[in-house]
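Q: Predicted model and sequence below, questions to follow.
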Amino acid sequence: MKKNIAIIMGGYSSEYKISLTSGNVVFETLNKEKYNAYRIHIFKDKWVYVDTNDHEFPVDKNDFSIEVNGSKTTFDCVFNAIHGSPGEDGFMQGYFELLGIPHTSCAMYQASVTFNKRDCLSILKPYGIKTAESYYLNLGDTIDENAIIKKVGLPCFVKANKAGSSFGVSKVHKQDELQNAIDIAFKEDDEIIIESFLDGTEVSVGVIKYKGETKVLPITEIVSENDFFDYEAKYLGKSQEITPARLTPDQEQKVNAVAKKVYEILKMTGFSRSEYIFKDGEPYMLEMNTVPGLTKESILPQQAAAAGIALEDLFDNAIEEAMK
């Protein structure tokens with residue numbers, strides 16, 4: 001019997017348009033012989049099932065079911081394609097775990113920790129994972145520009161602590177640019193992280209649970225046309241994404257080992273994509289995404305293809321792993 005799969009997409013953050021694209025790719029790609037796929041849009045003002053004619057039917061949040069023409073449908077598994085809140089920060093994970101519905105993303109705690117850049121890096125540092133120098137600010141804190149620059153130097157990066165797709169990120173070259181960058185970051189989040197600039201090769205490493213094993217996918221090198229890997233570079237073609245990355249065997253071995261170690265330290269399941277920059281031949285971790293982009297052009301699907309895993313197999317495996 002075919003399984004009913006809810007593909008959740010949208011969300012409450014600036015990333016909702018990218019999420020809708022990812023979700024639709026999953027919807028179009030899933031094996032129709034094996035699954036009944038349902039597109040579920042999750043927005044602050046509505047949770048709805050959207051059929052192929054774009055008709056909307058409300059979701060019953062009591063049991064995450066839908067009713068269409070008098071017939072009720074419940075779901076065997078949820079495919080999570082929500083980037084940002086509430087799909088990547090633990091809220092949807094906790095909801096589905098309370099309802100006992102399997103889902104393709106990591107567990108609630110792992111989602112919450114990895115979505116919070118500051119907390120994630122703080123957990124990993126004692127395990128020897130290298131990271132940039134950092135300075136934390138919460139909304140309302142006194143801003144001591146001299147103390148910030150003394151700690152992280154110039155240039156530096158100012159980032160929203162809990163945001164993805166490079167929203168709320170600025171590269172600061174001079175002290176008089178710092179306040180504006182902080183203001184931009186606070187528009188996305190009430191916590192920010194300011195990090196030292198690491199000058200080196202940037203790579204993105206996908207790690208997934210594949211057929212029961214932790215699998216590190218071929219590495220992608222990021223070469224941005226812009227000053228850094230910002231929104232334009234990620235989504236508007238202003239970057240080269242080279243898979244496999246042009247690394248030495250030693251660099252490749254080191255970043256593979258670190259990426260796998262991080263995945264296992266955090267007790268991850270499902271998809272993950274982490275960013276690293278090489279400094280003096282060593283990989284420094286920037287962050288981890290647990291609901292990475294899933295369009296055909298996105299980095300993780302490119303990496304899976306380089307590993308010989310077709311998009312349909314990648315998505316099918318995620319569902320199989322979730323339902324074990």
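A: Yep, that arrived.
Q: Please name the nearest non-neighbouring residue to residue 138.
A: Distances taken as Cβ to Cβ, 6 or more residues apart in numbering place residue 191 nearest to residue 138, at 5.4 Å, with adjacent residues excluded. Glycine gets a C-beta too; all of them are placed from N, C-alpha and C.
Q: And that neighbour, how far from residue 151?
A: Using Cβ to Cβ, to the nearest Å, residue 191 is found at 17 Å from residue 151.
Q: And these two? Which one has more around it.
A: residue 191 (21 against 15; other Cβ atoms under 10 Å).
Q: List the contacts of that one.
A: 116, 118, 136-139, 160-162 (Cβ atoms under 8 Å, 6 or more residues apart in numbering).
Q: Wait, a helix at residue 250?
A: Yes - secondary structure of residue 250 (DSSP: H, G, I helix; E, B strand; the rest coil): part of a helix.
Q: quick one: it and residue 283, what's the gap?
A: Counting by Cβ to Cβ - residue 250 and residue 283 are separated by 11 Å.
Q: Give me the more crowded residue out of the two.
A: residue 283 (27 against 9).
Q: A strand includes that one, no?
A: Yes - membership of residue 283 in a strand is supported by three-state DSSP.
Q: Would you confirm that it contacts residue 274?
A: No - under the criterion of Cβ atoms under 8 Å, residue 283 is not in contact with residue 274, lying 9.5 Å apart.
Q: Residue 60 bridge partners, please.
A: residue 65 (DSSP bridges).
Q: Okay, it and residue 73: tell me how far apart.
A: For residue 60 relative to residue 73 (Cβ to Cβ), the value is 10 Å.
Q: quick one: common contacting residues for those two?
A: Common neighbours of residue 60 and residue 73 (Cβ under 8 Å, 6+ apart) are 66-67.
Q: Report the spatially nearest residue to residue 218, omitting neighbours in sequence.
A: Closest to residue 218 by Cβ to Cβ, 6+ apart is residue 306, at 4.0 Å.
Q: was I right about the one you found contacting residue 216?
A: No - using Cβ under 8 Å, residue 306 makes no contact with residue 216, being 11.8 Å away.
Q: Counting neighbours, go ahead and name the busier of the two.
A: Shown here are residue 306 and residue 216; by other Cβ under 10 Å, residue 216 has more neighbours (20 against 15).
Q: Was I right to think the more buried one contacts residue 209?
A: No - assessed by Cβ under 8 Å, residue 216 is found out of contact with residue 209, at 11.4 Å.
Q: Break the chain into its domains for me.
A: 3-104, 113-130+199-322, 134-196 (automatic domain parsing).
Q: Mean pLDDT for the ones you listed - can I get that in JSON lines?
A: Output for those, formatted as JSON lines (pLDDT from 0 to 100):
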{"stretch": "domain 3-104", "mean pLDDT": "97"}
{"stretch": "domain 113-130+199-322", "mean pLDDT": "91"}
{"stretch": "domain 134-196", "mean pLDDT": "92"}
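Q: Residue 109 touches residue 90, doesn't it?
A: Yes - at 7.0 Å, residue 109 counts as touching residue 90 under the criterion of Cβ under 8 Å.
Q: Of the two, give the one with the bigger neighbour count.
A: More neighbours surround residue 90 than the other of residue 109 and residue 90, with 24 against 13 (other Cβ under 10 Å).
Q: just to revisit the earlier point, okay, the residue nearest to residue 138 and residue 158: tell me how far apart.
A: Distance from residue 191 to residue 158, by Cβ to Cβ: 12 Å.
Q: now residue 269
A: Taken as Cβ to Cβ, the span from residue 269 to residue 158 is 32 Å.
Q: how about the strands in the stretch 1-150 of the chain?
A: 3-10, 35-43, 46-50, 56-60, 65-68, 71-73, 77-80, 134-138 (DSSP state E, counting those that start in this stretch).
Q: quick revisit: of the contacts of residue 191, just the buried ones, PyMOL syntax please.
A: Those of the contacts of residue 191 that count as buried under 16 or more other Cβ atoms under 10 Å are selected in PyMOL with:
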select buried, resi 116+137+160+161+162
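Q: Bridged to the residue positioned nearest the centre of the chain, which residues?
A: When Cα atoms, centre = their mean is applied to the chain, the residue found nearest the centroid is residue 289 (2.7 Å). Taking DSSP bridges as the rule, residue 289 bridges to residue 273.
Q: With adjacent residues omitted, what lies nearest to residue 8?
A: residue 40 (4.9 Å).
Q: wait, isn't the one you found in contact with residue 9?
A: Yes - assessed by Cβ under 8 Å, residue 40 is found in contact with residue 9 at 7.1 Å.
Q: if I look at the two, which residues touch both of them?
A: Common neighbours of residue 40 and residue 9 (Cβ under 8 Å, 6+ apart) do not exist.
Q: Buried residues, stretch 279-297. List them.
A: 283-295.
Q: Equivalent analysis for stretch 42-56, please.
A: 42, 47-50.
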